[in-house]
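> need the 3D shape of this:
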Amino acid sequence: TSILTIQPAYFAIMPSSKEVFESILEAWNTKDLGKFKDLCTPDFAFTAGPNSMTLEEYVAVMNAVYASFPDIHFEASDVAEDGDTVTVGKGKVTGTHTGEPFAFGPFPAVEPKGTKCVNDKEMWTVVFAGGKCKTFSAVTTEEGAPFGPPGFYVQIGGKME
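Modelled structure (predicted):
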């Protein structure tokens, strides 16, 4: 006689692109850049208009943003998923400049004065590869509206000249 033994099957269920995107928002809002890095491919690229950053450059900028805007908060609405791409029709980032002086790129640091900043005219496109974020692109939905880290810099009185 023979006994047939059935072993349980274990399947790795890969989260959807939208679920990974939601984890990215959670990582940003909890200031967990280690988790954020784990959710990205090694060749991750962030673009905001003409500015582009590698994963390490972006993490460095975010550390500065967190130090300068301790209450920063990211929100996304009008979110759609199409395979490996998530689009956000309305991205919003808010924060109050109560922490460290904030500088962007080669421009001088601005001392904190409690300025409340709002970037609410952003549209994001996030592309995933193998369940991880490969690119994150932010553009403004209104010509001249502030967006990305430079948007906060200008709102606190920084001059990008």
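
> ok but Phe136 is inside a strand, no?
Yes. Counting by DSSP: H, G, I helix; E, B strand; the rest coil, Phe136 falls inside a strand.

> what about it, how many residues nearby?
The tally of other residues near Phe136 (other C-beta atoms under 10 Å) stands at 21. (C-beta placed from N, C-alpha, C; glycine too.)

> longest strand anywhere in this structure?
Of all the segments of type strand in the chain, defined by DSSP state E, the longest one is strand 116-129.

> what pairs with it, parallel or antiparallel?
Partner strands and pairing direction for strand 116-129 (DSSP bridges) are strand 85-96 (antiparallel), strand 132-140 (antiparallel).

> CA atoms only for that strand, dumped as PDB, please.
This file holds the C-alpha atoms of strand 116-129, laid out as PDB (Å, rounded to 0.1, in the frame of the first residue of the first chain):
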ATOM      1  CA  LYS A 116       3.100  76.600   7.000                       C
ATOM      2  CA  CYS A 117       3.800  75.100   3.500                       C
ATOM      3  CA  VAL A 118       1.400  73.400   1.200                       C
ATOM      4  CA  ASN A 119       2.200  71.700  -2.100                       C
ATOM      5  CA  ASP A 120      -1.300  70.800  -3.200                       C
ATOM      6  CA  LYS A 121      -1.000  71.000  -7.000                       C
ATOM      7  CA  GLU A 122       1.000  67.900  -7.500                       C
ATOM      8  CA  MET A 123       0.400  64.900  -9.800                       C
ATOM      9  CA  TRP A 124       2.600  61.800  -9.200                       C
ATOM     10  CA  THR A 125       3.400  58.900 -11.500                       C
ATOM     11  CA  VAL A 126       5.000  55.900  -9.800                       C
ATOM     12  CA  VAL A 127       6.400  53.000 -11.800                       C
ATOM     13  CA  PHE A 128       7.200  49.600 -10.200                       C
ATOM     14  CA  ALA A 129       9.500  46.700 -11.200                       C
END
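
> list the buried residues for that strand?
117, 119-124, 126-128 (16 or more other C-beta atoms under 10 Å).

> got the contact list for it?
Here strand 116-129 makes contact (C-beta atoms under 8 Å, 6 or more residues apart in numbering) with 17, 20-21, 24, 41, 69, 76, 84-97, 133-142, 145-148, 151-152, 155-156.
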